[in-house]
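Novice: build me a model from this:
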Amino acid sequence: MTAARGRTGRPPLTEERKAEIRLEIASAAVELFVTQGVAATTGEQIGQAVGVSARTVWRYFPSKESCVSPLFSEGIELIAALLREWAPDEPLERLFDRTLATEIGVIGRLERATVRDLVRLTRTEPGLRAVWLQTYDEAEPAFARALAERARLPADGLEPTIQAAMFNAALRAAVEHHAWRTADTGTEPATAETELMETLRSALAVAAGGVGQGLGVERGCGAGCHTFR
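Specialist: Numbering: from 1, shown residues only. I've put the predicted structure just below:
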């Protein structure tokens with residue numbers, strides 16, 4: 001009688017470990033992009049920084065620019081949760097006060113200066129820009145569902161859809177404005193974090209006010225015209 005043949009080789013990776021590897025690759029890619037530029041960075045270098053082969057890098061990501069996508073998207077669900085828990089009497093601009101924006105997603109995982117440098121690269125690197133914008137496209141439905149749930153409205157309703165679009169655009173514009181404005185000022189890290197929070201509050205206040213606010217538009221809102229509340 002022969003012994004039953006067991007499975008040989010390495011055990012399959014768990015989904016949790018796969019997610020960890022994706023984040024490790026993403027962090028390594030960011031560091032390389034910031035220190036030596038996107039064009040000079042290869043898949044082999046990214047893999048070496050993590051201790052995996054270039055083949056493994058390409059198994060997880062279709063391009064070197066897309067390697068950063070897990071860091072961009074890491075905070076989406078956390079922000080959606082904050083929207084669900086947003087109290088009716090709480091101003092939108094105070095949304096991040098209990099959970100610092102600097103602890104969300106990519107900003108919480110990497111050095112603050114590295115984060116700002118990464119966002120700045122999205123301004124000049126088309127590949128990174130595409131990944132950056134795609135992340136916000138993917139975030140918008142999650143924000144719409146959260147706002148709809150909070151207001152007990154249909155998930156595909158027009159109102160939460162528009163509100164999510166305004167909220168999403170305000171977040172992106174605030175992060176970009178902060179990163180690009182501090183590009184050459186040599187701002188201290190603690191000061192930069194404070195300025196980021198203030199920029200986010202200002203952007204969300206504008207979004208909460210609506211398009212007509214401050215534009216000389218008469219705001220005679222009826223039943224179909226609502227700002228964030």
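
Novice: C-alpha only now, for contacts and for neighbours.
Specialist: Noted.

Novice: could I get the average pLDDT for stretch 200-211?
Specialist: The average pLDDT within stretch 200-211 is 89.

Novice: and for stretch 165-183?
Specialist: The model assigns stretch 165-183 a mean pLDDT of 89.

Novice: pull out the buried residues from it.
Specialist: Within stretch 165-183, the residues that count as buried by 16 or more other C-alpha atoms under 10 Å are 165-172, 174-180, 182.

Novice: and the helix or strand V115 falls within, how far out from the chain's middle?
Specialist: Using DSSP states H and E, V115 sits within helix 112-124. Between the centre of helix 112-124 and the centre of its chain there are 13 Å (C-alpha atoms, centre = their mean, to the nearest Å).

Novice: after it comes which helix or strand?
Specialist: Downstream of helix 112-124, the next assigned helix or strand under DSSP H and E is helix 126-151.

Novice: what angle do helix 112-124 and that next one make with each other?
Specialist: Orientation of helix 126-151 against helix 112-124 (axes from the mean of the first three to the mean of the last three C-alpha atoms, to 10 degrees) gives an angle of 110 degrees.

Novice: other residues contacting the helix or strand just after helix 126-151?
Specialist: For helix 126-151, the following helix or strand on the C-terminal side (DSSP H and E) is helix 158-181. Helix 158-181 has contacts (C-alpha atoms under 8 Å, 6 or more residues apart in numbering) with 116-117, 119-120, 136, 139-141, 143-145, 147-148, 153, 195-196, 199-200, 203-204, 207, 226-228.

Novice: poorly predicted segments of the protein, please.
Specialist: Scanning the chain for pLDDT under 70 picks out the ranges 1-11, 98-113, 183-190, 211-229.

Novice: A155: neighbour count?
Specialist: Applying other C-alpha atoms under 10 Å, we find 18 residues neighbouring A155.

Novice: surely it meets A142?
Specialist: No - under the criterion of C-alpha atoms under 8 Å, A155 makes no contact with A142, lying 9.7 Å away.

Novice: how is this protein divided into domains?
Specialist: According to automatic domain parsing, the chain comprises the domains 15-68, 74-209.

Novice: first-to-last residue distance for the shortest one?
Specialist: The reference is to domain 15-68. Criterion C-alpha to C-alpha, to the nearest Å; first-to-last residue distance in domain 15-68 is 19 Å.

Novice: for P88, phi and psi?
Specialist: Torsion angles at P88 (phi, psi; degrees, to the nearest 10) stand at phi -60, psi -30.

Novice: that older thread, please convert the buried members of the contacts of helix 158-181 into PyMOL selection syntax.
Specialist: This is the PyMOL syntax for the buried subset of the contacts of helix 158-181, where burial follows 16+ other C-alpha under 10 Å:
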select buried, resi 116+117+119+120+136+139+140+141+143+144+145+147+148+196+199+200+203+204+207+228
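
Novice: how near is the most centrally placed residue in the chain to V175?
Specialist: For the chain, F72 is the residue whose C-alpha lies nearest the centre (C-alpha atoms, centre = their mean; 3.9 Å). Applying C-alpha to C-alpha, the value for F72 to V175 is 12 Å.
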